[in-house]
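Colleague: Predicted coordinates and the sequence they were generated for:
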Amino acid sequence: MADPREIRQANQRGSARLAAVQALYQMDIGQQSLEDTLSQFESFHLGREVEGEQYLPADADYFRHIVRGVVEQQLKLDPIIDSTLQGGWPMTRIDATLRALFRAAVFELTQRKDIPFKVVIREYVDVALAFYEDEVPGMVNGVLDAVARKYSEDYEGTAKG
């Protein structure tokens, strides 16, 4: 049986990933600054009820790490995503939620070698499932799997299913 501390940390990181995607989306759509977005999410979203939705406790440090990292690395992340998407679907043609999700996931896949690829991919497929019901989560899995293959010599693949 897994240690409850490990489960709690994983759940808090998963919540941090979901919140990071939402914050990046908000920055993209609302043209809000990094500091304003971080402050708003930390004050009003992480671990609180908003518009009837209960937000799970999130690892606030990890949330900030992802959002800041994406903002700092975006000029490197977008070409990676563009080159992995199917031909004819550049970043500019996908919706803002999916763009935010890919940026956060690719940031982790390329910058956080201490976290197994399969964990990152599974977590972001779960985030995709929170927003999409159609074929998008499967596409997210495929794109992130391809990015992971490019950036790891010891890549083991993900659990498909």
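Modeller: Alright, I've got the coordinates.
Colleague: Show me what the longest helix along the chain packs onto, helices and strands only.
Modeller: If you go by DSSP state H, the chain has its longest helix at helix 4-30. Helix 4-30 is packed against helix 34-44, helix 60-84, helix 96-111, helix 117-131, with contacts defined by 3 or more Cβ pairs under 8 Å, 6 or more residues apart in numbering; DSSP states H and E. Backbone N, C-alpha and C define where each C-beta goes, glycine included.
Colleague: Using TSV, please lay out these together with mean pLDDT.
Modeller: Putting the helices and strands packed on helix 4-30 into TSV (pLDDT from 0 to 100) gives the following:
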stretch	mean pLDDT
helix 34-44	75
helix 60-84	92
helix 96-111	95
helix 117-131	93
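Colleague: residues near the nearest residue to V71 once chain neighbours are set aside, how many?
Modeller: Excluding its sequence neighbours, the residue lying closest to V71 (Cβ to Cβ, 6 or more residues apart in numbering) is L34, at 5.3 Å. Here the number of neighbours of L34 (other Cβ atoms under 10 Å) works out to 16.
Colleague: What of I81?
Modeller: When counting by other Cβ under 10 Å, one arrives at 20 neighbours for I81.
Colleague: quick one on the thing from earlier: for the residue nearest to V71, list the residues it contacts.
Modeller: For L34, the residues meeting the contact criterion (Cβ atoms under 8 Å, 6 or more residues apart in numbering) are M27, V67, R68, V71.
Colleague: Minimum distance to G14: which of the helices and strands packed on helix 4-30 has it?
Modeller: Of all the helices and strands packed on helix 4-30, the one in closest proximity to G14, counting by Cβ to Cβ, is helix 117-131 (5.4 Å).
Colleague: For the closest one, list every residue counted as buried.
Modeller: Of the residues in helix 117-131, those buried under the neighbour-count criterion (16 or more other Cβ atoms under 10 Å) are F117, K118, V120, I121, R122, E123, Y124, V125, V127, A128, F131.
Colleague: one step back: so the longest helix of the chain versus helix 60-84, what angle?
Modeller: The directions of helix 4-30 and helix 60-84 differ by 60 degrees, with axes from the mean of the first three to the mean of the last three Cα atoms, to 10 degrees as the criterion.
Colleague: Go through helix 4-30 and flag the buried ones.
Modeller: Of all the residues in helix 4-30, those buried under the rule 16+ other Cβ under 10 Å are 12-27.
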